[in-house]
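Novice: Just a sequence and a predicted model for now, questions to come.
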Amino acid sequence: MSGTATGGNGGNRACCSGDGGNGGSVSLISNGGVNDAIGGATSGTLNLTQTAIGGTGGGGEGVGGNGGKALSTLIGTNPYGSSNYNLTANATGGNGGFGALLVRLGSREATRPRRLVQ
C-alpha cells in the first residue's frame with residue numbers, strides 16, 4: 001500500500017516587481033489512528049510507503065518563493081498480529097523559486113519508520 005501527497009506550487013510574479021509565492025507544505029502522519037494518511041492490517045507482511053512532496057516556490061522579479069516543506073511520519077502498529085513490517089517514509093522539500101534578487105531553497109524532514117507493538 002502506498003500514498004503520495006504533493007503541495008501546490010507558489011504563484012509567479014510576471015511583470016515589473018514583486019516576489020514569487022511560496023510552495024505549499026505537506027505533512028503526513030500515520031500512527032495507527034483513524035485519520036492516518038496510509039494504513040493497513042494483515043497477519044502476514046505489511047508493506048506501507050508514504051511520500052510527502054513540498055510544492056515549488058514561484059518566480060519573481062524580486063525574491064523567489066520558498067519551496068514547500070515536507071514531513072512524513074510513519075509508525076507501524078500491530079492490530080492484527082502482523083509478523084513483518086516493511087515501512088518507508090519519504091519526504092522531499094519543494095524547489096525554491098527563481099528571483100532576480102534572490103533564489104530560495106527548499107526544505108525537507110523525514111522521520112525514521114518505526115514499529116509499535118501493542
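Specialist: Yes, it's here.

Novice: check which helix or strand covers the residue positioned nearest the centre of the chain.
Specialist: Most central in the chain under CA atoms, centre = their mean is Ala52, positioned 2.1 Å from the mean C-alpha point. Per DSSP states H and E: Ala52 is located in strand 45-53.

Novice: what comes into contact with that strand?
Specialist: 1-7, 26-28, 30, 37-40, 70-72, 74, 76, 82-92, 94 (CB atoms under 8 Å, 6 or more residues apart in numbering). Yep, even glycine has a C-beta here, placed from its N, CA and C like the rest.

Novice: Among these, which lie within strands?
Specialist: Judged by DSSP state E, strands contain the following of the contacts of strand 45-53: 2-6, 26-28, 30, 70-72, 74, 76, 84-92.

Novice: Give me the buried subset of these.
Specialist: Buried subset of the ones in strands among the contacts of strand 45-53 (neighbour count, 16 or more other CB atoms under 10 Å): 5-6, 26-28, 30, 70-72, 74, 76, 85, 87, 89-92.

Novice: Describe which strands the strand holding Ala52 pairs with in its sheet and in which direction.
Specialist: Paired strands of strand 45-53, with direction, are strand 2-6 (parallel), strand 84-92 (parallel) (DSSP bridges).

Novice: so can I have JSON lines of the ones you listed showing mean pLDDT?
Specialist: Shown next, in JSON lines, are the strands paired with strand 45-53 (pLDDT from 0 to 100):
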{"stretch": "strand 2-6", "mean pLDDT": "91"}
{"stretch": "strand 84-92", "mean pLDDT": "88"}
